[in-house]
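Undergrad: Provided below are the primary sequence and the corresponding predicted coordinates.
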Amino acid sequence: MSKFKDLLAKKDVVVLDGALATQLEAMGLDISGKLWSAKHIAQNPDAIKQIHKNYLKAGSDIITTASYQATIPGLMAAGFSEKEAYGLIIKTSLIAREAVDEFIRESGATETPLVAASIGPYGAYLSDGSEYRGDYNLSKSEFKAFHEPRIRAVLEGGADMLAVETIPLLSEAEAICELLEQNFKDVPCWISFTARDENELASGDAITDVVKILESTPNVLAYGFNCISDTLASALLANLKKAGGTQMRAPCMTPRIKNGAKSLMRAG
């Protein structure tokens, strides 16, 4: 976990990258369909790598992989075999690592940016907007079975850490935390949630319960919220702090960190 910990200790502001899908669209590429931008892992990997490099040139300390919508069942539903699907998820990390290597070689940068593997919720796989509602219900073992292969694949590809994003359900976050502690003890992550108001996650779970679970999970070095307004983000972070949160930061727009009060930000 030292690379991410060191970065957080060294910088008052850690700059993340920005959106991938909008940049693909700006290149004239189609992102429609259930795979969203993930279909370009196979179709246009060079475009994804170029976007990573553009964000690195803009000053990103961390870039996130194109794996948010890339899941084994989702890719298999699109016609890939299970082996091919696993290989494509590995490829998301390989593309990002290549982008970092090329950026360092071309720019002469002395510090190596980190690669965070984007881990979207089960709701993203459903592709019906349920990551913003939290109206799905799986058992803890089902959540673990869904997330474990992708986590294993992105790490096999060389990701430094995980960016667990747009989680609407506390039960899903709790399952991921348990999975990390059981099978990926040395892998750091941040977790960001969607919320319906300043007191509840998108599912209606109380944000005070977020603090109880995430503060006790060693793998989680930062947590917060994404895909919400700045005003709501500020209120949510204030309430997390009141509940005893010490590691809130800002992936995608808003967290903080364990034993600190720094901001994690996106560049685009």
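TA: That came through, no problem. From a predicted model like this one, the values you see are computed outputs, not experimental measurements.

Undergrad: Just confirm residue 86 contacts residue 148, I think it does.
TA: No. Between residue 86 and residue 148 there is no contact under CB atoms under 8 Å: 11.6 Å. (Glycine included, C-beta is placed from N, CA and C.)

Undergrad: buried set for stretch 35-50?
TA: Within stretch 35-50, the residues scored as buried using 16 or more other CB atoms under 10 Å are 35-42, 45, 47-49.

Undergrad: just curious, which of the residues you listed is nearest to residue 220?
TA: The nearest member of those to residue 220, counting by CB to CB, is residue 38 at 24.8 Å.

Undergrad: For this structure, name the helix or strand with the lowest mean pLDDT.
TA: strand 256-257 (a mean of 38; mean pLDDT, DSSP states H and E).

Undergrad: Where does the residue nearest in space to the middle of the chain sit: helix, strand or coil?
TA: Geometric centre of the chain, nearest residue: residue 163, 2.6 Å, by CA atoms, centre = their mean. With DSSP: H, G, I helix; E, B strand; the rest coil as the basis, residue 163 sits in strand.

Undergrad: and it, what are its bridge partners?
TA: Residue 163 has these beta-bridge partners by DSSP bridges: residue 118, residue 190.

Undergrad: dump the residue contacts of it.
TA: Contact analysis of residue 163 by CB atoms under 8 Å, 6 or more residues apart in numbering lists 62, 64, 116-119, 189-190, 192, 251.

Undergrad: List just the nearest of those to residue 157.
TA: Residue 157 lies nearest to residue 117 out of those, by CB to CB, at 7.8 Å.

Undergrad: That closest one against residue 95, yeah?
TA: No. Counting by CB under 8 Å, residue 117 stays clear of residue 95, with 11.3 Å between them.

Undergrad: The two: who's more crowded?
TA: residue 117 (29 against 23; other CB atoms under 10 Å).

Undergrad: circling back: any shared contact partners between residue 117 and residue 95?
TA: Joint contacts of residue 117 and residue 95 (CB under 8 Å, 6+ apart) are residue 65.

Undergrad: quick revisit: cross the buried residues of stretch 35-50 against helices and list the overlap.
TA: Within the buried residues of stretch 35-50, residues falling in helices by DSSP state H are 40-42, 45, 47-49.

Undergrad: From the residues you listed, pick the one nearest residue 178.
TA: residue 41 (28.1 Å).

Undergrad: Name all residues that make contact with residue 211.
TA: Residue 211 makes contacts with 240, 243-245, as judged by CB under 8 Å, 6+ apart.

Undergrad: Check which helix or strand it maps to.
TA: helix 207-214 (DSSP states H and E).
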